[in-house]
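Trainee: Pasting the sequence and the predicted model now:
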Amino acid sequence: MAYRFKKQIFGFMDLLRFKKMVKVRREKLSGAPSTPLPKTYKVNETAKILHPGNQSVKLIDIVKDTADTKTYTFELTKKTFFRAGQYAVLRSNVGESLVSRPYAISSSPLTALKEGKVSLTIKKAGFFSDWMFKNAKVGDEFTLGAPFGQFYYEPLKDRKTVVGIAGGSGITPFYSMAQAIKEGSEEFKLILFYGAKTEKDLIFKKELDSLVSDNFKVIYVLSDEKKSGYEEGFITKKIIEKYVTEEFTAMLCGPDAMYAFVDKELEKMNVTGKYLKHEANCIGVRDVKPKKYKLKVNIKDNSYEIEASSDETLLVSMEKAGLKVPSRCRAGGCGYCHSKLISGQFSIAGADKRRLADAKFSYIHPCCSYPDSDMELTVPEG
Amino acid sequence: MEKYDAVVIGAGNGGLVAAIRLLQGGAKVLVVEKHNLPGGFATSFRRGRFEFEASLHELNDFGTKDNSGDVRALFDSLGVTDKIEWLEIPEAYRVISKEEKIDATMPFGVKNFIDKMVSYVPESKDSIEKFFELAKNVHAAQAYTNSVNGVTDQKVMLSEHANFVKVGSYSVNEVLNAIKMPKKAKDILNAYWCYLGAHCDDLSFVHYASMVYRYITKGASMPKMRSHEISLALVERIRELGGDIWFNTEAVKIITSKQDNGVEGVVLNGGREIKTRHVIANCAPHIVYGRMIDKVPEQIIRETNARKLAGRGFTLFLGLNKSADELGIENHNYFLYDTMDTVKQYELMKTIKNNRAQATVCLNRAYPECSPKGTTMMYFTTLFMSDDWGNVTAENYFKTKEEYAKEMIKRFEQDTGSKIMDSIEEISIATPMTYARYCGHPEGDIYGYESQYWDGLTPRLLMMAEDHKTRGLRFAGGYSMRLSGYSSAYFSGDITGRQTVGDIKKEG
């Protein structure tokens, strides 16, 4: 015979209890106070500081660091905190285009949190930076994206000593880290090898020298100049071993050619895999003969027919056309520009960093994809 | 102004299913999602050579073609099952409490489960058999209730589903004590409790038994390409059926009518207005009534204030540079508890300092190819039963989360004997702040409203009609009538989508 459940002495009492559930809940719901519901919550407010989203910022200071680099300091309008080593996207209207670029933050995390200021150090190297050098002036308004990226110290993964290897303007995230170590927002030992062509190309030299402590060392390596007090040539195993005796994690920020060279040196020291990380570089133009294609872009309930070029990423084509589209890392990795491919052929620059299901359901990252035919995309609004 | 029959706010599990149901019912539908991806927590992310699952441990109630669960049946009727590649989870769970010397690995299949339980606790045979009989009764009663859309015939309930009605008002522990289950067997059986997030003195037996029954009879499944594959399949289906879905688009206001307080439209970020008389909100009533509607009747404010926010999430994701064999990780799904007393454990889970419970998954044990050869992918999840993360400032945030993650790893190593700390190649840590940012939930809640005794599954379902107080506004997702969890959220979208189709048809 089937089992018959009974808890109370008489089975019907269990039934009565069941019937009362609605009444009990009704009373509970009506019996609560009518105090206004919270508009927000502490955790959600802290989350906003850690992930402030886009904010309008005012340019308050410009310092010329070297012949081809300037540091731009912005006044924030949202409370903001970040990890030293992260980048933020700077966006502005440039003529008919709406252009944005990611730049590593060169100021410290606590400067953002406590003083409401963030600095980006920009090297004159392309369309947007040229425009900044020529046009940006104190008082101008820009849009700044939320700090982002994984190029920071991970205490559970990285060794206590980090060897930083910076090439040229790749110094910026390390300058932020050096300040963070001093102010206490990061706790690790940074030994920084900073490569540049000549002494006058070194950005932040004075500032870096003043930050030297037990937990921060800096070694300058000049490739095109011989000078006492400086290492000479490229950053090699030999130079690293001269200054570093302990085990370390290597963090590299600079041009791809530097990564190719230094990786080989580090491999000789068994610094590979989890002990080696690179900051990704923006995808540039493709070395092909430019060919024009038609690109149809659907954003919400609007469609735009624009021109794309085989040597430029789809993102660049959309920005040039003045479309407000999402962009963040511009290196194919963060996925923020995630867009649906409706039709057409494309090529991805470098490794395919999409999620598996994105490839399956035809989603692409326009920041790292070049058109190989006429195309149609559905893109979220940026 | 653009006009839609219905606007779905939030492309989470509930919202996506609701949108398909609306489209299948002939409605013109717009889904707005503030994030750039669909799925809410049902997503994935890449770090280096790993693609991490963001939240799904295992999908309950899916089953196989030959032993189909309710979620598979739902996905079949939505037209998405075949868009997704599925794999089966090998075993139910391993539960460990060092403190209480419990270490039990439980299989799927009722007979296997009972046999294994009897091998651990020989005197539990009678009670564990009774448990499964009651669980079967509960499942049958729920199937009947669904088949009549919740309008049950009392005579049928009393004659054919008497056990359901009789256990219906009791907590898990009240029923297990009534069937005289030995303590150790209760401890092993209750291991799944953290999936529902209320302790077993509070959690309704009906809710728990039906979940366990579905797991043990239907097994558990995973999409190969993480839950992102399900979310994209659902989006694909929405597009096939002619629905519009806009990402990076936040609904900031619901416009209500002066006459009946009912829905008239939705305001998007940037100020654009969409005209509609029907909204399905795949988000918290606390958010909708707290800041999206200007004039909320007092009764609704009271009712919202009465609800209790459930567990706030914390997940550590690790990509390891050794194989699971090398690391000594044997199982797919671990529950590690400080104590098997769920009431005590629930109390410990209120603070960062005391909470060391974790539900941990090694995906390679279900799907060896989920990460490159010679690597392992793991995720460690816990819940916080109070707003303790609200006390963490931005300045202390990174250190707090890293220290907590370290404790989680240490606990796993201590309890299982495996060694993982030195093999971390990729790491990512999601805290209540992450969940708060990602989906906007209050306090980083990932479990909706808690399944407290008075607000459990049965009373919510019984009061579904009565809870619908604002014309044109219905809720889907973890805060709604089926409570939280993947399958529950999908079912909520099914129910709420079909109800809204009915609402639209009534209006003509």
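Mentor: Noted; the coordinates are in hand.

Trainee: Spatially nearest residue to A:E305 (excluding sequence neighbours)?
Mentor: Counting by CB to CB, 6 or more residues apart in numbering or on different chains, the nearest residue to A:E305 once its immediate chain neighbours are dropped is A:K296, at 5.5 Å. (Each C-beta comes from the backbone N, C-alpha and C, glycine too.)

Trainee: Show me what counts as buried in the helix or strand where that neighbour lies.
Mentor: A:K296 belongs to strand A:292-299 when elements are defined using DSSP states H and E. Neighbour counts using 16 or more other CB atoms under 10 Å in any protein chain shown place A:Y293, A:L295, A:K296, A:V297, A:I299 of strand A:292-299 among the buried residues.

Trainee: Among the residues you listed, which one lies nearest to B:I287?
Mentor: Proximity of the buried residues of strand A:292-299 to B:I287 (CB to CB) peaks at A:I299, which lies at 26.2 Å.

Trainee: Double-check that closest one against A:P380; I have them as touching.
Mentor: Yes. The criterion here is CB atoms under 8 Å, and A:I299 meets it with A:P380 at 7.4 Å.

Trainee: next one: phi and psi at A:E381?
Mentor: Per-residue torsions, A:E381: phi -70, psi 140 (degrees, to the nearest 10).

Trainee: residue contacts, it?
Mentor: A:I299, A:K300, A:K324, A:V325, A:P326, B:W246, B:N248, B:T249 (CB atoms under 8 Å, 6 or more residues apart in numbering or on different chains).

Trainee: Compile those residues into TSV and extend it with columns for distance to A:L202 and pLDDT.
Mentor: Below are those laid out as TSV (distance: CB to CB, whole Å; pLDDT from 0 to 100):
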residue	distance to A:L202	pLDDT
A:I299	44	98
A:K300	47	96
A:K324	38	94
A:V325	37	96
A:P326	35	95
B:W246	48	98
B:N248	40	96
B:T249	46	97
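
Trainee: For chain B, give me the ranges with low pLDDT.
Mentor: Along chain B, the model assigns pLDDT under 70 to residues B:1.

Trainee: What are the structural domain limits within it?
Mentor: B:6-86+B:224-307+B:450-507, B:105-218, B:311-439 (automatic domain parsing).

Trainee: Can you lay out these as TSV showing distance to A:S119?
Mentor: Converted to TSV, the domains of chain B look like this (distance: least, CB to CB, whole Å):
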stretch	distance to A:S119
domain B:6-86+B:224-307+B:450-507	27
domain B:105-218	44
domain B:311-439	19
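
Trainee: can you redo the ones you listed as a markdown table with mean neighbour count and distance to A:C368?
Mentor: As requested, the domains of chain B are exported to a markdown table (neighbours: other CB atoms under 10 Å in any protein chain shown; distance: least, CB to CB, whole Å):
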| stretch | mean neighbour count | distance to A:C368 |
| --- | --- | --- |
| domain B:6-86+B:224-307+B:450-507 | 21 | 13 |
| domain B:105-218 | 20 | 38 |
| domain B:311-439 | 20 | 20 |
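
Trainee: got a markdown table for the ones you listed, with distance to chain A too?
Mentor: Below are those laid out as a markdown table (distance: least, CB to the nearest CB, whole Å):
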| stretch | distance to chain A |
| --- | --- |
| domain B:6-86+B:224-307+B:450-507 | 3 |
| domain B:105-218 | 4 |
| domain B:311-439 | 3 |
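
Trainee: and the helix or strand where B:V31 lies, how far out from the chain's middle?
Mentor: Assigned by DSSP H and E, B:V31 belongs to strand B:29-32. Relative to its chain's centre, strand B:29-32 lies at 23 Å (CA atoms, centre = their mean, to the nearest Å).

Trainee: Which residues does stretch A:229-244 contact?
Mentor: A:161, A:163, A:165, A:191, A:193, A:195, A:199, A:217, A:219-223, A:225-226, A:258, A:261-262, A:265-266, A:268-269.

Trainee: out of those residues, which are inside strands?
Mentor: A:T161, A:V163, A:I165, A:I191, A:F193, A:G195, A:K217, A:I219, A:Y220, A:V221, A:L222 (DSSP state E).

Trainee: Correct me if wrong: B:F164 contacts B:V138.
Mentor: Yes. If you go by CB under 8 Å, B:F164 and B:V138 touch, sitting 5.3 Å apart.

Trainee: list the buried ones in the longest helix seen in chain A?
Mentor: As assigned by DSSP state H, the longest helix anywhere in chain A is helix A:11-31. Across helix A:11-31, burial judged by 16+ other CB under 10 Å covers A:D14, A:L15, A:R17, A:F18, A:M21, A:R25, A:K28, A:L29.

Trainee: ok, the residue lying closest to the third one once chain neighbours are set aside to A:P290 distance?
Mentor: Leaving out its chain neighbours, the residue that sits closest to A:R17 by CB to CB, 6+ apart is B:S169, at 4.0 Å. Look at B:S169 and A:P290: by CB to CB, to the nearest Å, they are 73 Å apart.
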